[in-house]
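> All I have is the shape, not the residue letters:
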């Protein structure tokens, strides 16, 4: 199991260096150099993603902040680092609005965000891949699905009501291995279990992926594995395009009240061929994010579209 997680010290050093060093190229030169590396099919897919991430056509007014303000990074600094990594190629006096953190509502102004509601009315939420050293983690799973346990593994902090409800319904159920990793809150004396490694999760066929303050952080690495994500239909999305995921195709979908969990697990335990198809589709969805040139071009063109409004 190889998790693609960037060293935190190196990540912070790189972030501050981006603030200090000149970009070397403007955004048009950078975009042109990246486009020359990609095929026509890849470029078409980039355009589709850019239009998905940035739907807005409303102009910013002069009260918004400017790119140069990103250099005055506040906590959490990763959002400023990840935005400036690409914004540095543009005129630093361009207006930009950003709402950093776990965003669950659509901003009043067109804004750069990490997360947004999945809806037809989210055009003011412009997605970039933010806090990616924490959220965008993928892995290589050497264990075959058939070699894994017929159980649902869940390890997570239980603060939100919807997570509490799930644990109250299914902690101790014969088809689950659940553990609350936070000692404070909920029922630590009953639910508490220590954290386990990502590789330990991969001993199980099914992995719980419940939304937290925004999206389910573990969904990316789960979908890149040979295990299957189990969750209700997502209501929030990030750069990972959770809004394009389909229950029964990319993950096992359960009802929002969790009432059909046992039924769904038993169905997929008894239909391993359907599980293999879900794993294949999930892996393919993850694969579109593995090409750095594609990711860089998508990010730059999202900002190009944002600033050209």
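Arrived safely, thanks for sending. If you're wondering where the values come from, they're calculated on a predicted model, not measured in any experiment.
> which residues does residue 134 contact?
78, 217 (CB atoms under 8 Å, 6 or more residues apart in numbering). Where C-beta positions appear, they are placed from N, C-alpha and C, glycine not excepted.
> what is the rounded mean pLDDT of stretch 207-222?
Stretch 207-222 shows a mean pLDDT of 97.
> roughly how far out does that stretch sit from the chain middle?
Relative to its parent chain, stretch 207-222 has a centroid offset of 8 Å by CA atoms, centre = their mean, to the nearest Å.
> before we move on, what about stretch 300-309?
That offset, for stretch 300-309, works out to 21 Å (CA atoms, centre = their mean).
> do stretch 274-282 as well
19 Å.
> Not counting its neighbours along the chain, what's nearest residue 205?
The shortest distance from residue 205 to any non-neighbouring residue, by CB to CB, 6 or more residues apart in numbering, is to residue 148 (4.4 Å).
> quick one: average confidence on the helix or strand containing residue 33?
Secondary structure from DSSP states H and E places residue 33 in helix 27-35. The pLDDT scores in helix 27-35 average 98.
> Quick one: name whatever helix or strand follows that helix.
In N-to-C order, the element after helix 27-35 by DSSP H and E is helix 40-53.
> Can you give the contact residues for that next one?
Outside helix 40-53, the residues touching it (CB under 8 Å, 6+ apart) are 35, 38, 126-128, 239, 241, 244, 288, 291, 294, 297-298, 301-302, 305.
> give me that answer again for 7 Å
The contact list for helix 40-53, computed with CB atoms under 7 Å, 6 or more residues apart in numbering, reads 35, 126-127, 241, 294, 297-298, 301-302, 305.
> Quick check: buried residues in the helix holding residue 33?
27, 30-31, 34 (16 or more other CB atoms under 10 Å).
> Likewise for stretch 286-302?
For stretch 286-302, by 16+ other CB under 10 Å, it's 286, 289, 294-302.
> returning to that earlier point: now the contacts of helix 40-53 in a markdown table, with distance to residue 230 and secondary structure?
Formatted as a markdown table, the contacts of helix 40-53 follow (distance: CB to CB, whole Å; DSSP: H, G, I helix; E, B strand; the rest coil):
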| residue | distance to residue 230 | secondary structure |
| --- | --- | --- |
| 35 | 39 | helix |
| 126 | 30 | strand |
| 127 | 25 | strand |
| 241 | 19 | coil |
| 294 | 29 | helix |
| 297 | 33 | helix |
| 298 | 29 | helix |
| 301 | 34 | helix |
| 302 | 31 | helix |
| 305 | 35 | helix |
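> of all those residues, which comes closest to residue 204?
Of all the contacts of helix 40-53, residue 204 sits closest to residue 241, with 25.5 Å by CB to CB.
> measure that closest one to residue 52 for me?
Distance from residue 241 to residue 52, counting by CB to CB, to the nearest Å: 6 Å.
> buried sites along stretch 236-252?
Those would be 236-243, 245, 250-252, for stretch 236-252 by 16+ other CB under 10 Å.
> contacts for that stretch?
Applying CB under 7 Å, 6+ apart, the contact partners of stretch 236-252 are 52, 104, 114-118, 127-129, 135, 206, 211, 214-215, 219-220, 223, 228-231, 233-234, 253, 264, 268, 278, 281-282, 285.
> Please parse the protein into its domains.
Domain segmentation of the chain under automatic domain parsing yields 8-136+291-307, 145-287.
> so how far does the last one reach from one end to the other?
The stretch domain 145-287 measures 19 Å between its terminal residues, going by CA to CA, to the nearest Å.
> heads up, I number from 19, so please use that
New numbering, starting at 19: the last item is domain 163-305.
> before we move on, back to that, so what touches the helix holding residue 51?
Outside helix 45-53, the residues that touch it by CB under 7 Å, 6+ apart are 61, 107-108, 311, 314-315, 318-319, 322.
> If we use 8 Å, what do you get?
For helix 45-53, contacts defined as CB under 8 Å, 6+ apart pick out 41, 43, 61, 107-108, 311, 314-315, 318-319, 321-322.
> Over to stretch 305-316?
Outside stretch 305-316, the residues that reach it (CB under 8 Å, 6+ apart) are 48-49, 52-53, 55-56, 60, 63-64, 67-68, 71, 104, 147, 154, 156, 257-258.
> can we see that at 10 Å?
Under the criterion CB atoms under 10 Å, 6 or more residues apart in numbering, residues 22, 48-49, 51-56, 60-61, 63-68, 70-72, 103-104, 145-147, 150, 154, 156, 238, 242, 257-259 lie in contact with stretch 305-316.
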